[in-house]
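Q: 3D model of this:
(chains A and B)
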Amino acid sequence: DTAVSQTPKYLVTQMGNDKSIKCEQNLGHDTMYWYKQDSKKFLKIMFSYNNKELIINETVPNRFSPKSPDKAHLNLHINSLELGDSAVYFCASSQDGHRGGAQHFGDGTRLSIL
Amino acid sequence: DQQVKQNSPSLSVQEGRISILNCDYTNSMFDYFLWYKKYPAEGPTFLISISSIKDKNEDGRFTVFLNKSAKHLSLHIVPSQPGDSAVYFCAASYNTDKLIFGTGTRLQVFP
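A: Numbers count the residues shown, from 1 in each chain, chains lettered A, B, ... in the order given. All right, here's what the predicted structure looks like:
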């Protein structure tokens, strides 16, 4: 019974295309996140949402747009994909954005741009 | 500018011995520190955390030590087991739940 699930697991697409990654959590958490892990394995936060409200928005290109239809879902839509967008994208969730507590991660979506 | 650094990309330890993973940080405003473990093709899994008001936190085989004056923390695993072989990430936060991660240390525990 997966706590944080992301789809798809792998995404291979052409430069210039638009794609979406979906994330769902069944933990009842209020806060969800998107992280990007680049080729140097550096894991960096992109966005966080608390109960459907955007809380953290790091310096991310406007081509990236998160959408939270309800507090159990946080999807990531990417427009006009570029080569530099190739990375592993992780979704995570936590209870009330609790500091010092666990953020629960999905298994990642590996995005490859051709 | 990397605020959280793990200077050892890899560590190899014999089963039953102690594994010590290190992490340095530059921002004295950090007030929570966390360790995550990551297996290949999986997401990071939370291991243990420590508040900046403490210098030690223990959970079973895992102990985290914080030295604020040196801006250094370490994770001790005793005894090390083959199943501990993974990449370990140190992370820190201040005032928010925004985590800033290090680049990870790959731990290999051999028989």
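Q: From the centroid of chain A, which residue is nearest?
A: residue A:34 (3.0 Å; CA atoms, centre = their mean).
Q: who's it bridged to?
A: Beta bridges link residue A:34 to residue A:47, residue A:91, judged by DSSP bridges.
Q: gap between it and residue A:85?
A: Using CB to CB, to the nearest Å, residue A:34 is found at 13 Å from residue A:85. The way it works is simple: take the backbone N, C-alpha and C, and place the C-beta from them, glycine included.
Q: For chain A, which residue gets nearest to chain B?
A: At 3.1 Å from chain B, residue A:105 is the closest residue in chain A, using CB to the nearest CB.
Q: give me every residue that touches the nearest residue to that residue once chain neighbours are set aside.
A: Residue nearest to residue A:105 in three dimensions, not counting chain neighbours: residue B:43, with 3.1 Å by CB to CB, 6 or more residues apart in numbering or on different chains. With contacts defined as CB atoms under 8 Å, 6 or more residues apart in numbering or on different chains, the neighbours of residue B:43 are A:4, A:90, A:92, A:105-108.
Q: Those residues of chain B touching chain A, which are they?
A: Contact residues, chain B versus chain A (CB under 8 Å from any CB of the partner chain): B:31-32, B:34, B:36, B:41-46, B:49-51, B:87, B:89, B:93, B:96-101, B:103-104.
Q: Sort out for me which of the residues you listed are in strands.
A: When the residues of chain B next to chain A are checked against strands using DSSP state E, the ones located there are B:32, B:34, B:36, B:45-46, B:49-51, B:87, B:89, B:93, B:100-101.
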